[in-house]
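Q: got a sequence here, can you build the structure:
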Amino acid sequence: MAEERRITVAVTGAGGTGAAHRLLKVLQDDERVAHVDLLVSANGRKLAALEFGTEEDPESVARALGATASKVRMLDPADLAGPPTSGSYPYDAMVILPCAVGVLGRIAQGLAQDLIERAADVTLKERRRLVLCLRETPLNLIHLRNMVAVTEAGAIVYPMIPTYYNVPETLGELQDELVERVLQLVGLQHTDRYQWDGTGTPARRAHTATS
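A: This is a model prediction of the structure:
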C-alpha cells in the first residue's frame, strides 16, 4: 500500500475560492490522503463569504468550502504556535489556493505574519513541495520579482490562468483542470483527463464528440 499523504491547504484573500472547494473535495475523497490541515485567512473568509453567499465565521466558511470529512482539521491562521510552525510536524506538501500577492510577497521575503505564511516558510526550509496558486492580473514588477524569489527558494508558482485547448465550457471545467494540475504537482494525480498525448486530451476528445 502506498504511503498515506498529509497535505496543508491555505485559502487567502483573492478571488477563486471555488477552486479551493474542488481541491478539498478531491483530497477528502482520495484514500491516499490521510490528513488535511486547512487554514483560511481573515481576508480568505471574506472572499469565501462573498463567493459562496455565506457568513464569514470559520465554521460557516469551512462548510462552504466543503471541508466536512473527519480527515480535515481547520486551524486558526492567527495561531503562530500551531502545528505547521515546526519543521518536525509531518506533512508532505502545502498548497495556497488562491494565493494573494501580499502573501506571495511576505513569503518571498521570509516574513511570517500568520500561520499560513509561517507554514509556507517551514515548507520551503524543509524542502517540501509548496504550490502558490497566484490570483492577480496584470502583474507589476514587484509581483514578478517576488515570483522569481519564491521560485529560487523552491516553490512552484502556478497562476490561476485558465487553459483553452480543452475547450472548457463552464467555470467548473476550468476549476477541475486547475485542481488536477495542482494535484499532479504534489504527487497526487487523480485523472488522465487533461493529459496531452500529442494529438489531444481525453477532455478535448469528449468535447469534440458531443459538439
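Q: just the CA atoms of the helix ranked longest in the chain, as PDB, please.
A: Longest helix in the chain, counting residues (DSSP state H): helix 171-185. This file holds the C-alpha atoms of helix 171-185, laid out as PDB (Å, rounded to 0.1, in the frame of the first residue of the first chain):
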ATOM      1  CA  LEU A 171     -16.300  27.600 -14.800                       C
ATOM      2  CA  GLY A 172     -16.400  24.200 -13.100                       C
ATOM      3  CA  GLU A 173     -14.400  22.700 -16.000                       C
ATOM      4  CA  LEU A 174     -11.800  25.400 -15.700                       C
ATOM      5  CA  GLN A 175     -11.500  24.700 -12.000                       C
ATOM      6  CA  ASP A 176     -11.400  21.000 -12.400                       C
ATOM      7  CA  GLU A 177      -8.400  21.200 -14.800                       C
ATOM      8  CA  LEU A 178      -6.600  23.700 -12.400                       C
ATOM      9  CA  VAL A 179      -7.100  21.300  -9.500                       C
ATOM     10  CA  GLU A 180      -5.900  18.300 -11.400                       C
ATOM     11  CA  ARG A 181      -2.700  20.100 -12.400                       C
ATOM     12  CA  VAL A 182      -2.100  21.100  -8.800                       C
ATOM     13  CA  LEU A 183      -2.700  17.500  -7.700                       C
ATOM     14  CA  GLN A 184      -0.100  16.400 -10.200                       C
ATOM     15  CA  LEU A 185       2.400  18.900  -8.700                       C
END
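Q: next one: the spatially most central residue of the chain from G53, what distance?
A: Closest to where the C-alpha atoms of the chain average out (C-alpha atoms, centre = their mean) is L97, at 3.1 Å. As for L97, its distance to G53 is 20 Å (criterion: C-beta to C-beta, to the nearest Å). To be clear about C-beta, it is placed using only N, CA and C from the backbone, and glycine gets the same treatment.
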